[in-house]
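# Show me the folded form of this:
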Amino acid sequence: MKIHGLMMAASLVALAATGCTSKMAGQEPDLYVELPAPTTDVPTPPRIDADPMAIDTSTAWGAYLSDFLESYFPVNPGFAIYQGRHEFDGQLPDWSPSGLQLAIDQRQQAIAAAEALDDADLSDNDKYERSYLIHVLQGELFWLTEADWPHKNPSFYVGALDPNVYIARPYADAETRMKAFIKYAKAVPAAAKQIEANLQMPLPETYLKYGQAGFGGFAEYYGGDAKAAFADVKDEALQAEFDAATAEAAVAMQALSDHIGSVPATKDGYALGAGKFSDMVRLTEAVDIPLAELKAIGEADLKRNQDALKEACTAYAPGLSLGDCMAKMGANKPEIGPVEEARDQLPELRAFIEANNIVTIPGTEQALVEESPPYNRQNSAYIDIPGPYEKGLPSVYYISPPDPSWDEETRNAYVPGKEDLLFTSVHEVWPGHFLNFLHSNRSESVLGKLFVGYAFAEGWAHYAEEMMYDAGLHDGDAETHVGQLSNALLRDCRYLSAIGLHAEGMTVEESYNLFRNECYQDPGNATQQAARGTYDPAYLNYTMGKLMIRKLREDWTAKHFPDDPRAGWQAFHDEFLSYGGPPIPLVRKEMMEEPEVKAVF
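Numbering: from 1, shown residues only. The predicted structure is shown next:
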């Protein structure tokens, strides 16, 4: 695999773990149903490299990077745990004023130390990795300082409090993981007090709903599904300790949920403002262009996809409006339910990738499919992928049921149609997030393994949807095209809502209407997505990342495969994914051998 150098936002995984954004922030992250325990019978052989995370400390850069990571992990234990550093199990970050200041100071000092390294002691790869790390840390600092998420946004904490790693990831026997969960639960009451002291009231309505769903959901989860997950552990003393620790943790989380609801919420108060929004895309994703130009790019992609939908609907649903055409596609529900349907889709998608020379699939790992846990249903689907320090563990693709508080019509509309779900499976697994992380976990760069950015990960996964349709998935079937475009339009409205909500005074209701009327989304999804835009302003990264990747593919294949650009797709995809997950403009600079870092759409 060629590499020129060497990712919840700055790093997608780091921010999810440190609380700066939602998980995979997201990545495609208030309800409660019984959750079946994940199965673990999918063969996942260990990687052949003996120590994929080894760092050569004999070089100036290697010594710096080793020291940096060993100081970074203790301050960000959630990040460390999700990467597979289980010596940090059970620990939560210090969210006291001094702890938050330490998190800021550490990043600032790490940037200064990296910049102070003598260029004469660094290889070209070292210089590239230095740029990669500095961009990651600058992005993380944006959320900690300029956006001030610890004092304003409950999403900063919900991702970091997520104990799913101890439940769903079988990195050790159940008793060991249960002990880790107990340690975590014992840390929750102190963390809850810190969060209560930090969050400034009143909260915007959407923040309040998110926070209460997360904190209150944890309170239910500890004694419900978490308890059930460890039911087979026979140690009575350990079970009693678990019950006592989780009971106190549940009380603390419910008290925190009640506290943030004790002051009436506000209709507004969520907007970053135009200046901070521009800083966000510049500092987190190295996209430094005027806001008006950024908006025009999104509007153009919305029109492109609307025009494509008109053409597809003419074939699929002649005479129907675009909204009714989309509804017809959505009405073709999986008879076996979305979880079972997704399980059936994954082998088909993998076979298509292999048969059509789309991208190399390293290894034989597979992803499980399960229903999402009740505290994490702010989006319809997302995936949890083991970190690079783990060995031979499964990934889990989660699909969310509709909110039971919705009326029956809204609940039914929320369940995706088969072709809509197909592109969710593309996005989450083949060849989206799951394949991205199969490559990043094998990157030649330790940073590429650890820090996979929001626009890289979500941009790649969203890019994969359109790319798979263009490559011939389902042979150009019109209903399949409508399913792909449903996902594309959803992300276009995220892009424009993010700008509108945070830089132009858009209201949540106006965002809802945008999703409904311009992107033809069902009421449940439109409700969730309009709310998400207030506490996840970086969700424009799906479309922003996709468009930068499309342009890079166009330029790179024109340079290397001028006679047949399609013949260069696999080589392009393999090369792109080999970088792990830095801001896409950094990858462009390397792949196109350009003199400076710049965003090109």
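# Which strand or helix spans the closest residue in space to Glu465 that isn't next to it in sequence?
The shortest distance from Glu465 to any non-neighbouring residue, by Cβ to Cβ, 6 or more residues apart in numbering, is to Phe423 (4.6 Å). Where C-beta positions appear, they are placed from N, C-alpha and C, glycine not excepted. If you go by DSSP states H and E, Phe423 is part of helix 418-428.
# Can you point out the buried residues in whatever helix or strand comes next after that helix?
As assigned by DSSP H and E, the chain's next helix or strand after helix 418-428 is helix 433-440. Buried residues in helix 433-440, counting neighbours by 16 or more other Cβ atoms under 10 Å, are found at 433-440.
# just curious, which of those is nearest to Thr360?
His439 (8.1 Å; Cβ to Cβ).
# Can you point out the buried residues in stretch 109-121?
Per 16+ other Cβ under 10 Å, stretch 109-121 contains these buried residues: 110-111, 114, 117.
# Looking at these, which are in strands?
Among the buried residues of stretch 109-121, none falls in strands (DSSP state E).
# So which of the residues you listed sit within helices?
Counting by DSSP state H, the part of the buried residues of stretch 109-121 found in helices is 110-111, 114.
# Just send those back as JSON lines, with pLDDT too.
Formatted as JSON lines, those follow (pLDDT from 0 to 100):
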{"residue": "Ala110", "pLDDT": "98"}
{"residue": "Ile111", "pLDDT": "98"}
{"residue": "Ala114", "pLDDT": "98"}
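# related to what we said a few turns ago, same list, the buried residues of stretch 109-121, but as JSON lines with distance to Asp492 please.
As requested, the buried residues of stretch 109-121 are exported to JSON lines (distance: Cβ to Cβ, whole Å):
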{"residue": "Ala110", "distance to Asp492": "36"}
{"residue": "Ile111", "distance to Asp492": "34"}
{"residue": "Ala114", "distance to Asp492": "37"}
{"residue": "Leu117", "distance to Asp492": "42"}
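# got the contact list for the closest residue to Tyr539 other than its chain neighbours?
Of all residues not flanking Tyr539 in the chain, Arg494 sits nearest, at 4.6 Å (Cβ to Cβ, 6+ apart). By Cβ atoms under 8 Å, 6 or more residues apart in numbering, Arg494 lies in contact with 529, 532-533, 539-540, 542-543.
# what's the spacing between Arg494 and Glu458?
Counting by Cβ to Cβ, to the nearest Å, the separation of Arg494 from Glu458 is 10 Å.
# between those two, what contacts are shared?
In contact with both Arg494 and Glu458: Tyr542, using Cβ under 8 Å, 6+ apart.
# Is Leu92 in a helix, a strand, or coil?
Under the three-state scheme (DSSP: H, G, I helix; E, B strand; the rest coil), Leu92 adopts coil.
# Please determine how far it is located from Val597.
Counting by Cβ to Cβ, the gap from Leu92 to Val597 is 35 Å.
# out of those two, which sits in the busier spot?
Ranked by neighbour count (other Cβ atoms under 10 Å), Leu92 and Val597 place Leu92 first, with 23 against 19.
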